[in-house]
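Engineer: After the sequence you'll find the predicted model.
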Amino acid sequence: MKTLITPVLATMLLVATAACAKDTNKTLYGSKNIVTKEVTAGNFNSIVTTSSVDVEYYQSKAKSITISAPDNIIDYIDVKTDGNKLKVGYKKLNNIRSIELHDVKVVVTVNAPDVRTFTTGSSGDIDIKTNITSAGNISFSTNSSGDIKAKAIVCKSMVASTRSSGDIEISSLNCSNLDAMTNSSGDLKINDIKATEVKATANSSGDIKLSGECENARLTSNSSGDIKAKSLAAVKVEATANSSGDIYCTGISVNTRKSSSGDINVNWR
């Protein structure tokens, strides 16, 4: 038996199809009504943001996780553990094209005793609200536009790396070894350093700014990013400029090497 589709029926089908397509591609705008929800997660020592959700971390003996978000957004926030990582972002948006927050924010507050690795994988920022003390190593990495900001840190060794436009800023750092690296346009700023070994490498346009004191400093600029370490008082400095980026340093013994247009400015102690 043949099925006949009349012009009127065809028009109705097209309208229905278009309506469904529009509904599955809608934008969800965050409301002004902010609510909170507590969630649970397994053990973790790493925090990773995967979308435009901000994280506030507090080093605390007691573990807790709280989501603060608009009431029509909060159920879309995804907080889960994957191995030793706590991943924070949005759930899969099956019927929604995008989420627009405008002047409201989504914040996940994390209280945990010993988080050592902080990574931004999207535009969400990580703000460390308390001082951090750890017997182990601490690592910061920005892999997208999200920033990482911290207060005072005491640890064995510190690795701070920008791989995209996200910035890293640390107010105070006490460690044996510091490895600071910019691999993209994100800047890196660390104040009040007390360290034995400091290694700073600018591999892209992001600048590195360091202040404090150390025994040995190895400063290398491989691109247009500057290393501003004039306020880092070192005993021994090795400064290498391989591209157009400038290096500013302070030391008692300073060895310099320049193979391109970048300048090395030395302040003798």
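Structural biologist: Cool, the structure landed.
Engineer: Now for Lys92, how many residues are close by?
Structural biologist: 7 (other CB atoms under 10 Å). Backbone N, C-alpha and C define where each C-beta goes, glycine included.
Engineer: Rounded mean pLDDT for stretch 41-59, please.
Structural biologist: What stretch 41-59 shows for mean pLDDT is 97.
Engineer: End to end on it, go ahead and measure it.
Structural biologist: 16 Å (CA to CA, to the nearest Å).
Engineer: Buried ones in it, by neighbour count?
Structural biologist: 41, 44-57, 59 (16 or more other CB atoms under 10 Å).
Engineer: now stretch 84-99
Structural biologist: In stretch 84-99, counting by 16+ other CB under 10 Å, buried: Leu86, Lys87, Val88, Gly89, Tyr90, Ile96, Ile99.
Engineer: Make JSON lines out of those and add secondary structure, distance to Arg218 and pLDDT.
Structural biologist: Converted to JSON lines, these look like this (DSSP: H, G, I helix; E, B strand; the rest coil; distance: CB to CB, whole Å; pLDDT from 0 to 100):
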{"residue": "Leu86", "secondary structure": "strand", "distance to Arg218": "33", "pLDDT": "98"}
{"residue": "Lys87", "secondary structure": "strand", "distance to Arg218": "34", "pLDDT": "98"}
{"residue": "Val88", "secondary structure": "strand", "distance to Arg218": "35", "pLDDT": "98"}
{"residue": "Gly89", "secondary structure": "strand", "distance to Arg218": "36", "pLDDT": "95"}
{"residue": "Tyr90", "secondary structure": "strand", "distance to Arg218": "41", "pLDDT": "93"}
{"residue": "Ile96", "secondary structure": "strand", "distance to Arg218": "48", "pLDDT": "82"}
{"residue": "Ile99", "secondary structure": "strand", "distance to Arg218": "44", "pLDDT": "86"}
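Engineer: Please flag which of the buried residues of stretch 41-59 sit within strands.
Structural biologist: Ser46, Ile47, Val48, Thr49, Asp54, Val55, Glu56, Tyr57, Gln59 (DSSP state E).
Engineer: Could you dump the residues you listed into CSV and include distance to Thr109?
Structural biologist: Converted to CSV, those look like this (distance: CB to CB, whole Å):
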residue, distance to Thr109
Ser46, 17
Ile47, 12
Val48, 16
Thr49, 13
Asp54, 10
Val55, 8
Glu56, 5
Tyr57, 8
Gln59, 13
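Engineer: Contact partners for Asn203?
Structural biologist: Listed by CB atoms under 8 Å, 6 or more residues apart in numbering, the contact set of Asn203 reads Met181, Thr182, Asn183, Asn222, Ser223, Gly225.
Engineer: Can you pick out the most distant pair from the residues you listed?
Structural biologist: Met181 and Ser223 (11.4 Å; CB to CB).
Engineer: list residues touching both of the two?
Structural biologist: Counting by CB under 8 Å, 6+ apart, the residues touching both Met181 and Ser223 are Ala202, Asn203.
Engineer: hey, where'd the helices end up in this structure?
Structural biologist: 7-23 (DSSP state H).
Engineer: Just name the shakiest helix or strand of it by mean pLDDT.
Structural biologist: helix 7-23 (a mean of 47; mean pLDDT, DSSP states H and E).
Engineer: which residues are in contact with stretch 259-269?
Structural biologist: Residues contacting stretch 259-269 (CB under 8 Å, 6+ apart): 221, 230, 233, 237, 239-252, 254, 256, 258.
Engineer: In CSV, could you pull the C-alpha coordinates for that stretch?
Structural biologist: Only the C-alpha atoms of stretch 259-269 are listed here, as CSV (Å, rounded to 0.1, in the frame of the first residue of the first chain):
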residue,chain,number,x,y,z
SER,A,259,73.2,33.8,20.2
SER,A,260,70.4,36.1,18.9
SER,A,261,69.0,39.7,19.4
GLY,A,262,67.9,39.2,23.0
ASP,A,263,69.8,41.2,25.6
ILE,A,264,71.2,40.0,29.0
ASN,A,265,71.1,42.7,31.6
VAL,A,266,73.2,41.8,34.7
ASN,A,267,73.0,43.4,38.1
TRP,A,268,76.0,42.4,40.2
ARG,A,269,75.5,41.7,43.9
